[in-house]
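Asks: Let me see the structure of the following:
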Amino acid sequence: MKPLPCVCAAWLTLTALAANSPPQEPTATIAVDVAKWLKKPPEQRQRHAPQQPLPKASIAAVTKAVWTTLKKEALAARKDEFARKDMAKDGAVKLLTVKVADREMKVLERTFGKAPKNGHSLWISMHGGGGTTAKTNDGQWRNQIQLYKPKEGIYVAPRAPTNTWNLWHQGHIDDLFDRLIANYVIERGVNPDRIYLMGYSAGGDGVYQLAPRMADRFAAASMMAGHPNGVSMLSVRNLPFMIWMGAKDGAYKRNEMAALWGKKLEALAADDPGGYEHETHIVAGKGHWMNLEDAASIPWMAKRTRNAWPKKVVWHQTGRVHDRFYWLSVPTGHAKNGQTIRAEVVGQTITVETEGVQHVRLRLSDDLLDLNEVITVTRNGKQVFEGKVTRTALAIYESLSERLDPSSVASVLLEIGQ
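Replies: Numbers count the residues shown, from 1 in each chain. Alright, predicted model coming up:
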């Protein structure tokens, strides 16, 4: 069966090709062509991308070449964001800034332990406060950098750009956190598979909201003393999630909501074996402040590593919508709140179930299935593709251009319609 037509011509070169693909060129020739291509100005690269299919043996070298080029360009473009100012006499706390469009986010930073061979972990810790004065939120921010101390890693406390009650789950936070993560990956060599999200009080509100929206970015998340505000937890199937709450924290029924959301995760895990790893801790005798008993979340999270290519994905759009999630994506402008995609790989078969979604793009890699063999795709019970696919340099380039994440690079982009 032929693949369904692409929405735009640019994707024609990225979709799956028939099984009778042309002979593949030697890896050495491909490397030369890719090197020449990457020397072109960025605005010309899409039009002049190498067209030859990539054999599996060339993927690592091509990915490295593209990553090196894009990393170098990003380092140059963002150099002002890497400037650090000492905020303590011993230099242990640094201040830097992350910028996206018209938004700016200050970040306090501390480094613990020696970096492993594959890079430091990164801990993003969101302060409390919320709908109060800038002075109060500033105090909460400065306190947050001192709260938790992982044995290893770069621990950062960002300062929310606003002072509203929902300061950590407004739409601009996703963009700022994406930029923050990328900056630490390219500048400090952080391991993109060991990034952790946590937050206290209003920061806990943010964990509830951001973890489902950005689950594919983190290795684990821990919510402390926050309120879920009705958020769906469907999308955290592959994100280990902790809930910490004082048993006496009755304001806004936070304690009741924590217990209820813990039960929601239990139900999801029972219905989907292998997914929704979680722990719920309702701390007896404690109110809104748990006297750092919640710090037990640090070693728990540190044992988890992100799987960038899970065999099963549940993607439910909630709050700020996104175009990409693990190995799934939708065309720009097509994401809407309430849309759900469930996708699973078994052997060489990909099964996709969608609700409220027209066009779905599969971001494929040899880390997910064997791209040398025939792939079958079914959508909502109907077979929409069967055949072999072709790895391309442009797919790798577009994947890394969208997100500077070397662990989640797709070498094939396959669009499936309704």
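Asks: Just the CA trace of stretch 205-220, in CSV.
Replies: Provided in CSV are the C-alpha atoms of stretch 205-220 (Å, rounded to 0.1, in the frame of the first residue of the first chain):
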residue,chain,number,x,y,z
ASP,A,205,1.3,23.4,40.3
GLY,A,206,3.8,23.9,37.5
VAL,A,207,5.0,20.3,37.7
TYR,A,208,1.4,19.0,37.4
GLN,A,209,0.9,21.0,34.3
LEU,A,210,4.3,20.9,32.6
ALA,A,211,5.1,17.2,33.2
PRO,A,212,2.3,16.0,30.9
ARG,A,213,3.0,18.7,28.3
MET,A,214,6.7,18.1,28.2
ALA,A,215,7.0,14.5,29.4
ASP,A,216,9.3,13.6,26.5
ARG,A,217,11.9,16.0,27.8
PHE,A,218,12.3,14.5,31.3
ALA,A,219,13.6,11.4,33.0
ALA,A,220,11.4,11.9,36.1
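Asks: Look at A343 and say how many residues are nearby.
Replies: A343 is flanked by 23 other residues according to other CB atoms under 10 Å. Heads up, the C-betas are built off the backbone N, CA and C, glycines and all.
Asks: now do T376
Replies: By other CB under 10 Å, the residues close to T376 number 15.
Asks: so it touches E386, yeah?
Replies: Yes - T376 lies in contact with E386 (CB atoms under 8 Å); the separation is 4.8 Å.
Asks: Is R342 in a helix, a strand, or coil?
Replies: For R342, the assignment made with DSSP: H, G, I helix; E, B strand; the rest coil gives strand.
Asks: Can you tell me how far the closest residue to R103 other than its chain neighbours is from N183?
Replies: Spatial nearest neighbour of R103, chain neighbours left out: H172 (4.8 Å); criterion: CB to CB, 6 or more residues apart in numbering. Computed as CB to CB, to the nearest Å, the H172 to N183 distance reads 16 Å.
Asks: Between these two, tell me which one has more neighbours.
Replies: A direct count of neighbours by other CB under 10 Å for H172 and N183 places N183 higher, at 21 against 16.
Asks: can you pull the contacts of that one?
Replies: By CB atoms under 8 Å, 6 or more residues apart in numbering, the contact list for N183 reads 78, 81-82, 98.
Asks: distance between the helix or strand where it lies and the chain's centre?
Replies: Under the criterion of DSSP states H and E, N183 resides in helix 171-188. Distance of helix 171-188 from the chain centroid (CA atoms, centre = their mean, to the nearest Å) equals 10 Å.
Asks: one step back: hang on, the residue nearest to R103 packs against V100?
Replies: Yes - the criterion here is CB under 8 Å, and H172 meets it with V100 at 7.1 Å.
Asks: Tell me what angle the lengthiest strand in the chain forms with helix 171-188.
Replies: The single longest strand within the chain, with elements called by DSSP state E, is strand 103-112. With axes from the mean of the first three to the mean of the last three CA atoms, to 10 degrees applied, the angle from strand 103-112 to helix 171-188 works out at 40 degrees.
Asks: chain center to the worst-scoring helix or strand of the chain on mean pLDDT: distance?
Replies: Lowest by mean pLDDT, DSSP states H and E among the helices and strands of the chain is helix 27-38, with a mean of 90. The chain centre lies 30 Å from the centre of helix 27-38; the measure is CA atoms, centre = their mean.
Asks: picking that back up, the longest strand of the chain packs against which elements?
Replies: strand 94-100, helix 134-147, strand 153-158, helix 171-188 (3 or more CB pairs under 8 Å, 6 or more residues apart in numbering; DSSP states H and E).
Asks: Please save the CA atoms from stretch 106-119 in PDB.
Replies: The C-alpha trace of stretch 106-119 is given here as PDB (Å, rounded to 0.1, in the frame of the first residue of the first chain):
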ATOM      1  CA  LYS A 106      16.700  34.500  35.200                       C
ATOM      2  CA  VAL A 107      18.200  31.300  36.400                       C
ATOM      3  CA  LEU A 108      20.200  30.500  39.600                       C
ATOM      4  CA  GLU A 109      22.600  27.600  39.200                       C
ATOM      5  CA  ARG A 110      24.600  25.300  41.500                       C
ATOM      6  CA  THR A 111      26.800  22.300  40.400                       C
ATOM      7  CA  PHE A 112      27.200  19.200  42.500                       C
ATOM      8  CA  GLY A 113      29.700  16.400  42.100                       C
ATOM      9  CA  LYS A 114      31.800  15.400  39.200                       C
ATOM     10  CA  ALA A 115      30.300  15.100  35.700                       C
ATOM     11  CA  PRO A 116      30.000  11.400  34.500                       C
ATOM     12  CA  LYS A 117      31.400  10.500  31.200                       C
ATOM     13  CA  ASN A 118      28.100  11.000  29.500                       C
ATOM     14  CA  GLY A 119      27.500  14.400  31.100                       C
END
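Asks: and that stretch, average pLDDT?
Replies: For stretch 106-119, mean pLDDT is 98.
Asks: now stretch 224-239
Replies: In the prediction, stretch 224-239 has an average pLDDT of 98.
Asks: Convert that stretch to PDB, retaining C-alpha atoms only.
Replies: Presented in PDB, the C-alpha positions along stretch 224-239 are these (Å, rounded to 0.1, in the frame of the first residue of the first chain):
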ATOM      1  CA  MET A 224       5.700  19.000  46.000                       C
ATOM      2  CA  ALA A 225       2.700  20.700  47.700                       C
ATOM      3  CA  GLY A 226       1.000  21.900  44.600                       C
ATOM      4  CA  HIS A 227      -2.500  21.700  43.100                       C
ATOM      5  CA  PRO A 228      -3.400  19.900  39.800                       C
ATOM      6  CA  ASN A 229      -6.100  22.300  38.700                       C
ATOM      7  CA  GLY A 230      -7.900  19.500  36.800                       C
ATOM      8  CA  VAL A 231      -4.900  18.500  34.600                       C
ATOM      9  CA  SER A 232      -5.000  15.100  32.800                       C
ATOM     10  CA  MET A 233      -2.100  12.700  33.500                       C
ATOM     11  CA  LEU A 234      -2.500  10.600  30.400                       C
ATOM     12  CA  SER A 235       0.700  11.800  28.800                       C
ATOM     13  CA  VAL A 236       3.000  10.800  31.700                       C
ATOM     14  CA  ARG A 237       2.800   7.200  30.700                       C
ATOM     15  CA  ASN A 238       6.600   7.000  30.200                       C
ATOM     16  CA  LEU A 239       7.500   9.600  32.900                       C
END
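Asks: Buried residues of it, list them for me.
Replies: Buried residues in stretch 224-239, defined by neighbour count with 16 or more other CB atoms under 10 Å: 224-228, 231-239.
Asks: now swap in stretch 140-158 and tell me
Replies: Buried, per 16+ other CB under 10 Å, within stretch 140-158: 140-141, 144-145, 147-148, 150, 152-158.
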